[in-house]
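Colleague: the sequence isn't on hand, but the structure is:
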């Protein structure tokens, strides 16, 4: 009936703080997930019975975007699950897009809003950063304030996120994947609990919000040195919020001699880190020698699209 794909993402700045209404900056990467929907006698995923426990995002996508007869959803992923590279967002966006496309209702804004609702339902607490980046592609600045390049606006229970297009230079990033699966929901809840009782944590969240805006200006100016400095500072703040991991620290420290800056990306607790560099080979080797899996990515990739 329809097949769509969506890119993964890396959060350059703003993870966790964006849940508290701060801005965030996400970049689409050239690893994708595709989803196709076809008629079926029962609801299935990759020809197997759909189970909410194992197919939470696709099951929730059916509630948001389908409401029709049984279908089979076939998925294919280039993104490691739990890697911090937006696998849940990409499978959600591609599934929602395929469902809407099969009904002739495909639009980026509709996909982004429905995909956010899916992640919110599954994770309990979320921001639209991942799903909007996967939907629009390129780069996305999420902010409580409206600015140039506004794409759409998402609201939920008093929170407001304005989604803006952001141009992305052809910078070289290397992802270091720890191989440690980390679920987003519990880590987000952990930061919320800490922020509720710690003024220091709230100050860190405020500073991360400032870093996002400074980082957006540095990205626009193609200032790699400035971006790297902000990445390093953001990493220290995220560790202070308790979402770091010794394996991530090991990879970050290993690439420092060859990078402008490095930090975890995504929820943390494992998953991946990213490094901005002019020496991709040395960074990849350092990651490998430290027990991680290097993934060389291109940033600024196209957003959700039909594949059929």
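Modeller: Here it is on my side, so go on. Just so it is clear, the model here is predicted, and its values are computed rather than measured.
Colleague: any idea which helix is longest in this structure?
Modeller: helix 199-220 (DSSP state H).
Colleague: averaged over its residues, what pLDDT does it have?
Modeller: Mean pLDDT, helix 199-220: 96.
Colleague: show me where the stretch 1-150 of the chain has helices.
Modeller: Along the stretch 1-150 of the chain, the stretches classed as helices by DSSP state H, counting those that start in this stretch are 56-65, 87-102, 108-123, 129-136.
Colleague: format those helices as TSV; extra columns: mean neighbour count and distance to residue 143.
Modeller: Every C-beta, even on glycine, is put in place using the N, C-alpha and C of the backbone. What follows is the helices of the stretch 1-150 of the chain, written out as TSV (neighbours: other Cβ atoms under 10 Å; distance: least, Cβ to Cβ, whole Å):
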stretch	mean neighbour count	distance to residue 143
helix 56-65	22	25
helix 87-102	30	19
helix 108-123	22	15
helix 129-136	32	11
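Colleague: including mean pLDDT and distance to residue 294, could these go into a markdown table?
Modeller: Below are those laid out as a markdown table (pLDDT from 0 to 100; distance: least, Cβ to Cβ, whole Å):
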| stretch | mean pLDDT | distance to residue 294 |
| --- | --- | --- |
| helix 56-65 | 95 | 27 |
| helix 87-102 | 96 | 18 |
| helix 108-123 | 95 | 28 |
| helix 129-136 | 96 | 22 |
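Colleague: circling back to that earlier point, would you mind pulling up the elements that the next helix or strand after the longest helix of the chain packs against?
Modeller: Sequence order places helix 224-240 as the next helix or strand after helix 199-220, per DSSP states H and E. Using 3 or more Cβ pairs under 8 Å, 6 or more residues apart in numbering; DSSP states H and E, the elements in contact with helix 224-240 are strand 2-13, helix 199-220, strand 261-265, strand 272-276.
Colleague: what's the angle from helix 224-240 to strand 2-13?
Modeller: 90 degrees (axes from the mean of the first three to the mean of the last three Cα atoms, to 10 degrees).
Colleague: mind listing what's buried along helix 224-240?
Modeller: 224, 226-235, 237-240 (16 or more other Cβ atoms under 10 Å).
Colleague: let me see the mean pLDDT of that helix.
Modeller: Mean predicted confidence for helix 224-240 is 97.
Colleague: now do the buried residues in whichever helix or strand comes after that helix.
Modeller: Sequence order places helix 246-255 as the next helix or strand after helix 224-240, per DSSP H and E. Neighbour-count burial for helix 246-255 flags 247-248, 250-252, 254-255 (criterion: 16+ other Cβ under 10 Å).
Colleague: what is the neighbour count of the residue nearest to residue 36 when sequence neighbours are not counted?
Modeller: What sits nearest to residue 36 in space, not counting adjacent residues and going by Cβ to Cβ, 6 or more residues apart in numbering, is residue 3, at 3.7 Å. Applying other Cβ atoms under 10 Å, we find 20 residues neighbouring residue 3.
Colleague: give the contact list for residue 3.
Modeller: 34-37, 98, 306-308 (Cβ atoms under 8 Å, 6 or more residues apart in numbering).
Colleague: which of the residues you listed are buried, as a ChimeraX select command?
Modeller: Burial among these is assessed by 16+ other Cβ under 10 Å; the matching ChimeraX selection reads:
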select :34,35,36,37,98
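Colleague: can you put the contacts of residue 3 in CSV and add distance to residue 196?
Modeller: Output for the contacts of residue 3, formatted as CSV (distance: Cβ to Cβ, whole Å):
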residue, distance to residue 196
34, 40
35, 37
36, 43
37, 41
98, 39
306, 44
307, 44
308, 47
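Colleague: pretty sure residue 95 is touching residue 60, no?
Modeller: No. Assessed by Cβ atoms under 8 Å, residue 95 is found out of contact with residue 60, at 9.4 Å.
Colleague: grab the nearest non-local neighbour of residue 304.
Modeller: residue 6 (4.4 Å).
Colleague: of the contacts of residue 3, closest to residue 188?
Modeller: residue 35 (24.7 Å; Cβ to Cβ).
Colleague: ok so, going back, tell me the pLDDT at the residue nearest to residue 304?
Modeller: 98.
Colleague: out of the helices of the stretch 1-150 of the chain, flag the one nearest residue 270.
Modeller: Here helix 87-102 is closest among the helices of the stretch 1-150 of the chain (Cβ to Cβ), at 13.5 Å.
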